[in-house]
Structure formats: structure tokens, C-alpha cells
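A.B. asks: take a look and give me a structure for this.
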Amino acid sequence: MTETRADSAARHLPAIVVGGGQAGLSMSRQLKERGIEHLVFEKSGVASAWKTQRWDSFCLVTPNWQCRLPGFPYAGDDPHGFMGRDEIVAYIEAYARSIEAPLMTGVGVTAVRPRPEGGFTVDTEAGTYRADAVVMAISGYHAPAIPAFSAGLPADIAQVHSSAYRNPAQLPAGAVLVVGSGQSGCQIAEDLHLAGRQVHLVVGSAPRCPRRYRGRDAVDWLAEMGQYDLSVEDHPLGQDVRRKANHYLTGRDGGRDIDLRRFARDGMALHGRLTGIAGGTLRFADDLGKNLDGADAVYVGIQGAIDRHIAAKDIAAPAQAHYRPVWQPAAAPRTLDCAAAGIGAVVWATGFRADFGFVDAPVFDDRGLPVHRRGVTAVEGLSFVGLPWLHTWGSGRFSGIARDTEYLAERIAERLAPRAEALSLAS
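C.D. replies: Just a heads-up that it's a prediction; the model follows:
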């Protein structure tokens, strides 16, 4: 990994990559392979989000074999295991060293502006640059999204966003309310539950997935079935698939299902969507049963799809029954008094807002997310990578980043070809 210092005067580069995580580093490797000069700007450090926004027991939910950064597949001895946070950081840092990325760490990008004559002006904390192409590789998870009604909680209740949660000991004594049942919310609720904390979990509409079914990890089956190669254009939901929550399951302790009904049977309190807070009283929607049923329907649907694949391919696989609910919610109160329930802390697992405000280009929708096709926007030379469902289900994961960055590198090479040819003729 090479560290580069910026010149004080504006310098022209064929390409600039914003972000030094796995997406930006993968993009760098693809550009370098094509002989395209570039710099990668990273405002913090390599893999900084993995270091600072993941809890202590965090691990991948997809098997290690899916870690396939360009030219750097997982080479450990546990391909069907699930790397923990520190192992993930080590993998990404090793990748940065292996590709000798032209990386400028500790240098934030403050503005990206298209130039009238083409290309871009890129203002950084180390000076101003010009570039023919700019690749934004900073995902879309920038600012914690916490509902405004959080202000209704009593001042003595600690509040933390999931990105700042580390472990159960970090939170004050008492019960913990976890708001959100996506991947982070369910895994944090499990972390607290296993530590013996009383947990109240607000359950939304996120789907769930089996960990293992009929002798294999479900991810293995789904990959074999081509699910990670299905493009946005070919998906039944089209562009709307980008708004869907990820399935919840875990790779913890070798990997297992997350079954909220089992948690409830074992003492976790489940609630419907949180609709408001007033005077220290929580209000919930009457949708807990519906949300649990919906998650289970997706789970069983995945089992059925795997069954059909096994039958169609005549694969020898052990039989296994479909999931049956182990607990049913009774009619529950629609309100909960925080003091009476002994709640000492709230973890907001409510996602993030995108903040691309420093990119002065007309390429964003009403949610502030880029409008693109396979990462390519309507502003020539401006592209994005590392977003969920950029092109396929694998795009937001280690498994799909090679394909996405290869595609964008080819588009950049095509864009730069006339300029390179003109310079060659001039010389």
C-alpha cells in the first residue's frame, strides 16, 4: 500500500476514486490493471467503517468463500465459516497492501463538480484535483437514521445507534429496547439476549433466511441457483428491490438461524412497529403477528425454492421438514411504560441516511441516492460502486464487487481511450 501526498496546485488525473474500503480498493485494482492512473481518497483509514461501526461479536452472514475481491479470494482454512470483525479488517488491509493502491488516507473529499468542458473538479483536504472520471465508493450508509420521536424518551435512558453499539457491558443496567429487526437489530438483540439482558425487540417487516437446509448452507444453494447473479433488470421487483431489507440470519458461533419466535419463547419481549413515544410511554402498531408471519413466509419460500432446485437437478440431499412456528404472539398491550419495564437503554437499529451533498451533480433521487444503471450515471464520467443491488444481489457484498468494478473500469477505459489516442498522436 503506497501513501501519496497531493500537490498544492490542481493536478489532472484520468480517474479519482472516493473511498478506501473494499469497493474503492477493488476499483483501484481494476484501474491499475488497465494502466489507468488514479488516486484513492479515504478520509479515515482502510476498512474504517468495519473498525468503527461494527460491534465486538460481529461476523459475516455469508460464508468466507464469498469473499472474492478482485484477484484476492479468501485463502484461509475455513471457507464455510464466517469471519469476525477483526478478521474482515485484516482481509481488507491485506488486500490494500497486495495491490499497492495509490491511497491517500486521512484526506477527505469536500466537493465533486462537473466541469463545463468535461471531467470534474475534485476538492480535497489536501488540495484541488481535476479528473476525467470519478468513482464514488463510499456506500450509502452515511448518517444514522433515528426517528424524531426518540426525543420523547426520558433523559435517563441511554440511547445509542447500532453503528455505535459494541457490547452489552457498554449499556447501563436494566432492560434494553432494540428498535429494528433487520440484520443489525436481530444480531444485536441476540448479543444482548445471550448475555442475559432482558430485551424488548421492535419487529419490522424484514425477511429471514435459513442458515442451513438439506445438508448445505442456504447461501451455497442460492449461489448455485444463480440468485446472486440475478440483475436488477431481471428481478420481479425491478428497481424497487433496492428498497427491500436484507434477510436476517447470523454467522455467529459457526452460523445459525435467527428465530425471533424462539427468542420470545425464551424470554425476549417482541413488539410491533414503534409508532411513537410520549411521556416515557412507547406506542406500538398491532402488526407483530403479521411481521413474524411475513418473515417466516420468506424463510419457507426459500426452502421451497431449494427443494425445487434439488428435484430439477436430481441432487442427492437429505430430506428436511419446512419450518413450523415454535411460538405465537398473544394479544399484547399496544403501549409500554419504560419505567415500569425497567428499560435503561435503547439501541436504534433503524438504518442510515445517504449524504452525497458534496457531489454537485443532478444524479440523485428523492431519497438522496444516485440514479444509475450498473453504477453509471447520466453525468458522463461519474459512477458509483459498493451500493446494495448496484447490479445484482451480490453487489453490496464481497461476492459481487469484482464484477461491478470490472464493468465500471471498462466503461472508464472506453471514455479515456479517445483522449489517450489524441495524446499519442500529438507526441
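A.B. asks: in the stretch 51-200 of the chain, where is pLDDT below threshold?
C.D. replies: By pLDDT under 70, the stretch 51-200 of the chain has no low-scoring segment.
A.B. asks: which residues in it form strands?
C.D. replies: Using DSSP state E, counting those that start in this stretch, the strands found in the stretch 51-200 of the chain span residues 68-69, 72-73, 102-105, 109-114, 120-124, 127-136, 143-144, 158-161, 175-179, 199-202.
A.B. asks: partners of the fifth one in the sheet?
C.D. replies: Meaning strand 120-124. Partners of strand 120-124 in the sheet, by DSSP bridges, are strand 109-114 (antiparallel), strand 127-136 (antiparallel).
A.B. asks: so which of the strands of the stretch 51-200 of the chain is nearest S48?
C.D. replies: When the strands of the stretch 51-200 of the chain are compared for distance to S48 using Cβ to Cβ, the nearest one is strand 102-105, at 8.9 Å. From N, CA and C alone the C-beta is placed, and that goes for glycine too.
A.B. asks: and the closest one, which strands flank it?
C.D. replies: Here, using DSSP bridges, strand 102-105 pairs with strand 2-3 (parallel), strand 38-42 (parallel).
A.B. asks: deepest in the core, which of the ones you listed is it.
C.D. replies: strand 38-42 (a mean of 25; mean count of other Cβ atoms under 10 Å).
A.B. asks: contacts for that one next, please.
C.D. replies: By Cβ atoms under 8 Å, 6 or more residues apart in numbering, the list of residues contacting strand 38-42 from outside reads 4, 13-21, 24-25, 27-28, 31-32, 48, 101-109, 122, 124, 129.
A.B. asks: drop anything exposed from the residues you listed.
C.D. replies: With burial judged by 16 or more other Cβ atoms under 10 Å, the buried subset of these is 13-21, 24-25, 27-28, 31-32, 48, 101-105, 107, 109, 122, 124, 129.
A.B. asks: all helices of this protein, in order?
C.D. replies: Secondary structure of the chain, counting by DSSP state H: helices at 22-33, 48-52, 85-99, 183-194, 218-224, 260-265, 288-313, 338-341, 401-426.
A.B. asks: columns distance to P63 on top of these, output as a markdown table?
C.D. replies: Below are the helices of the chain laid out as a markdown table (distance: least, Cβ to Cβ, whole Å):
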| stretch | distance to P63 |
| --- | --- |
| helix 22-33 | 16 |
| helix 48-52 | 18 |
| helix 85-99 | 13 |
| helix 183-194 | 15 |
| helix 218-224 | 6 |
| helix 260-265 | 23 |
| helix 288-313 | 16 |
| helix 338-341 | 38 |
| helix 401-426 | 16 |
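A.B. asks: and V203, which of the strands paired with strand 120-124 is closest to it?
C.D. replies: strand 127-136 (33.7 Å).
A.B. asks: quick one: the closest one to chain centroid distance?
C.D. replies: 25 Å (Cα atoms, centre = their mean, to the nearest Å).
A.B. asks: and what of stretch 381-393?
C.D. replies: Stretch 381-393 has its C-alpha centroid displaced from the chain centroid by 12 Å (Cα atoms, centre = their mean).
A.B. asks: quick one: mean pLDDT over that stretch.
C.D. replies: Mean per-residue pLDDT for stretch 381-393: 95.
A.B. asks: re the thing from before, least reliable of the strands paired with strand 102-105 going by mean pLDDT?
C.D. replies: strand 2-3 (a mean of 45).
A.B. asks: any low-confidence regions in the stretch 201-350 of the chain?
C.D. replies: Scanning the stretch 201-350 of the chain for pLDDT under 70 picks out no residues.
A.B. asks: quick one: the strands in it?
C.D. replies: 212-213, 216-217, 269-271, 274-278, 281-284, 335-337, 343-348.
A.B. asks: for G185, find the nearest of those strands.
C.D. replies: G185 sits nearest to strand 343-348 of all these, at 7.6 Å, using Cβ to Cβ.
A.B. asks: convert the C-alpha atoms of that closest one to CSV, please.
C.D. replies: Output of strand 343-348 as CSV, limited to C-alpha atoms (Å, rounded to 0.1, in the frame of the first residue of the first chain):
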residue,chain,number,x,y,z
ILE,A,343,-35.7,0.0,30.4
GLY,A,344,-32.3,1.6,30.8
ALA,A,345,-31.1,1.8,27.2
VAL,A,346,-32.4,1.9,23.6
VAL,A,347,-30.5,0.7,20.6
TRP,A,348,-31.7,2.3,17.4
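A.B. asks: which outside residues touch it?
C.D. replies: For strand 343-348, the surrounding residues in contact (Cβ under 8 Å, 6+ apart) are 144, 146-147, 150, 153, 157-162, 165, 171-180, 185, 188, 200.
A.B. asks: look up how far A126 lies from the residue nearest to A195 when sequence neighbours are not counted.
C.D. replies: Setting aside the residues directly before and after it, A195 is nearest to P168 in space (Cβ to Cβ, 6 or more residues apart in numbering), at 3.9 Å. Distance of P168 to A126, computed by Cβ to Cβ, to the nearest Å: 41 Å.
A.B. asks: please apply the same query to A312.
C.D. replies: A312 is 56 Å from A126, by Cβ to Cβ.
A.B. asks: now do N167
C.D. replies: In terms of Cβ to Cβ, N167 sits 36 Å off from A126.
A.B. asks: of these two, who's got more company?
C.D. replies: Neighbours were counted for N167 and for A126 using other Cβ atoms under 10 Å; A126 has more, 18 against 13.
A.B. asks: does that one really touch T110, like I thought?
C.D. replies: No: at 10.3 Å, A126 does not count as touching T110 under the criterion of Cβ atoms under 8 Å.
A.B. asks: burial measure for the residue nearest to A195, as a count.
C.D. replies: Neighbour count of P168, defined by other Cβ under 10 Å: 20.
A.B. asks: going forward, count from 24.
C.D. replies: Done: numbering now begins at 24, and the last item shifts to P191.
A.B. asks: residues contacting it?
C.D. replies: Shown in contact with P191 (Cβ under 8 Å, 6+ apart): 199, 214-215, 218, 220.
A.B. asks: what's the closest of the residues you listed to T358?
C.D. replies: Distances from T358 to the contacts of P191, taken by Cβ to Cβ, are shortest for V199, at 18.3 Å.
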